[in-house]
Every structure is written in structure tokens, then in C-alpha cells.
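1. kindly generate the corresponding structure for this input.
(one chain, ligands or ions: 1)
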Amino acid sequence: MINLSSNNLFNFEKKIILITGSSGQLGTSFSKLFLSQKAIVIGMDKTESKLKNKNFYHFKLDISDRKKVEKSISKIILKFKKIDVIINNAGISVFSKFNKRKDKEINDTINSNLKGSLNLINAYLNLHKKKKLKKCNIINVGSIYGSLSPDFRIYGKNDNFNSEIYGASKAGIIQLTKYFCVALAKNNINVNCISPGGILNEKKPQRKSFLKKYSLRVPKNRIGKVSDLYTAILFLASEHSDYVNGQNLIIDGGLSAW
Ligand SMILES: NC(=O)c1ccc[n+]([C@@H]2O[C@H](COP(=O)([O-])OP(=O)(O)OC[C@H]3O[C@@H](n4cnc5c(N)ncnc54)[C@H](O)[C@@H]3O)[C@@H](O)[C@H]2O)c1
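-> Model (predicted):
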């Protein structure tokens, strides 16, 4: 039974949380969130991490490299004997117009956003079966642009354009979530997705003119903050979401409602 009067609705103490893209904006915030809950966080990113914490371990690798992912997952299981939560958060975007798309941009986006997540899921699943591991919650990070087309009218010529290949890769993530929900339920692995709307870039904020036009598209009348995603991530990572499986939780202030 859940103790609703307790301050400890979520208990992540000593849970092993693997987060890809852990050096980026969302990944760093998610890492700090779980560290604040006394979890052990394992970050994976192709760049170094600035996070320093005795419960934070960093693996520097490109997750589109299947062999390197397999090796890293093996090392993690060898040391910690389990992974409780995998957050497939690493992703890249390209910002030029679709009619100027380069092959390299297509390959890089698909490799990081789709193949990387597939590599993580498959590498983990092999060991999950082999070592007879217990429950694991996988959370994929999609985007509203996996379900919706951007409204081109809100982008000025100096704004980062939202691209067709990014949206297609995120649509793929939503489908992978459903596929693996069905395929892995018998292994006691839950797979869900969160689809954030636009998030304020804290280090390099989006242009004021864009923020104004974007906010008009949102019933809550503002762009999202990383912290708007926290309770959803905690819930999907926790034991309380056991019967929630294969879902895509859109967190966009209502943008997709009209
Ligand atoms: N920021 C937003 O507005 C927003 C909105 C919706 C969805 N998202 C999604 O959230 C996730 C995180 O976004 P963010 O804003 O923190 O981006 P970010 O660019 O700040 O961070 C992404 C991180 O992923 C890492 N990465 C990318 N490809 C990799 C690879 N192949 N191997 C290893 N590491 C790799 C990068 O090095 C970077 O540190 C992405 O999947 C993104 O598509 C972001």
C-alpha cells in the first residue's frame, strides 16, 4: 500500500539509474534530480560531464556504437549487479530546412536518436535474461514533434528550425516504446516515453521573439522548464508506475490539445 502521508512517496535510495545524454541540459538536470533522491546515477554521453558527486559515474562513449554500449552495460552490471532505470535521453537535432538536408545530418540524427536507444535496450535485455535480473523501467525521451508537426509560422529566420528528420526520429521513439512494451513485458521490463514540448534553454535562451510566439501556441502561455518534467520522470522510474506500460506522456503545457 502507498503511504500518501509520507514525504517519501518515491524511494530511489541505492537504485541504479542509467541516463544517456547525461552531459546535456535535460540529462544533467535528471542526473541531479536522482542524486538528490540518493540514487546512484550512471551517465553516458559522448562528451565529458561536469557533474561531480560520489554517486555519479560517467561513461564517455557514442551510444550509436553497439559494441561500446554492450561493453559499458556489461561493466555496469558487473559492478552494480542490476540497473533499475534506463533513461534513453541522448539526442541531437539539426536545424536547417528539409530541402537543404545533407546525408550526414540524416545519418547522425537516426544514429543518435534511434539506433542509440535500440543499442541500449538490446544490450541491457541480453544481460537481463542471462543474469536473470529483476524489474527494470525504461523511459524514452521523445518530443511533441514525434506526434505533431511544428507550426512553421513561429520560426523567424534566425531561430533554430525544427526539422523533419528530428520529428521522424522522435516518432520512431514513440513506436519503439510501444513495440518494446509488448515485447519485454514478460521480462518484467516496463517501457514508457515522455514527450516534452519546447524547453527553455537555460544557458543559451531562445530568442525573445520566438519565446513570445511559442508561448501564444501554449494554453499555459509559456515555454516549458526542465523541472516541469521531474515528477513525470520520477513517477515512471518508480515502483508506483508498474501498471503503466507502453505510454507516451506528453508534457507540453497543453500545446498539443488544440
Ligand atoms: N530541450 C528541448 O526543448 C527538448 C524538447 C523535447 C525533447 N527533447 C529531447 O530531450 C533530450 C535531451 O535534450 P537536451 O535539450 O538536454 O539536449 P542537449 O543537446 O543539451 O543534450 C543532449 C546530450 O546528448 C548527448 N548525445 C547526443 N548524441 C549522442 C550519442 N550518439 N552518444 C552519446 N551521447 C550523445 C550530447 O552530447 C548531449 O550532451 C533529447 O533527446 C531531445 O531530443 C528536448
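
2. pull the number of nearby residues for residue 195.
-> Residues lying near residue 195 (other C-beta atoms under 10 Å) number 23. For every residue, glycine as well, the C-beta is placed using N, CA and C.

3. show me where the stretch 1-150 of the chain has its helices.
-> Here the stretch 1-150 of the chain has its helices, by DSSP state H, counting those that start in this stretch, at 25-36, 66-80, 103-110, 116-130.

4. okay if I get the ones you listed as TSV plus distance to the ligand, mean pLDDT and mean neighbour count?
-> Shown next, in TSV, are these (distance: least, C-beta to the nearest ligand atom, whole Å; pLDDT from 0 to 100; neighbours: other C-beta atoms under 10 Å):
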stretch	distance to the ligand	mean pLDDT	mean neighbour count
helix 25-36	3	98	20
helix 66-80	9	98	17
helix 103-110	8	98	15
helix 116-130	5	98	20
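
5. out of those, which gets nearest to residue 224?
-> helix 25-36 (10.5 Å; C-beta to C-beta).

6. convert the C-alpha atoms of the closest one to PDB, please.
-> What follows is helix 25-36, C-alpha atoms only, in PDB (Å, rounded to 0.1, in the frame of the first residue of the first chain):
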ATOM      1  CA  GLN A  25      20.600  20.200 -20.400                       C
ATOM      2  CA  LEU A  26      18.000  17.600 -19.500                       C
ATOM      3  CA  GLY A  27      20.400  14.800 -18.800                       C
ATOM      4  CA  THR A  28      22.400  16.900 -16.200                       C
ATOM      5  CA  SER A  29      19.100  18.000 -14.500                       C
ATOM      6  CA  PHE A  30      17.800  14.400 -14.400                       C
ATOM      7  CA  SER A  31      21.100  13.200 -13.000                       C
ATOM      8  CA  LYS A  32      21.000  15.900 -10.200                       C
ATOM      9  CA  LEU A  33      17.300  15.000  -9.600                       C
ATOM     10  CA  PHE A  34      18.100  11.300  -9.000                       C
ATOM     11  CA  LEU A  35      21.200  12.100  -7.000                       C
ATOM     12  CA  SER A  36      19.100  14.300  -4.700                       C
END
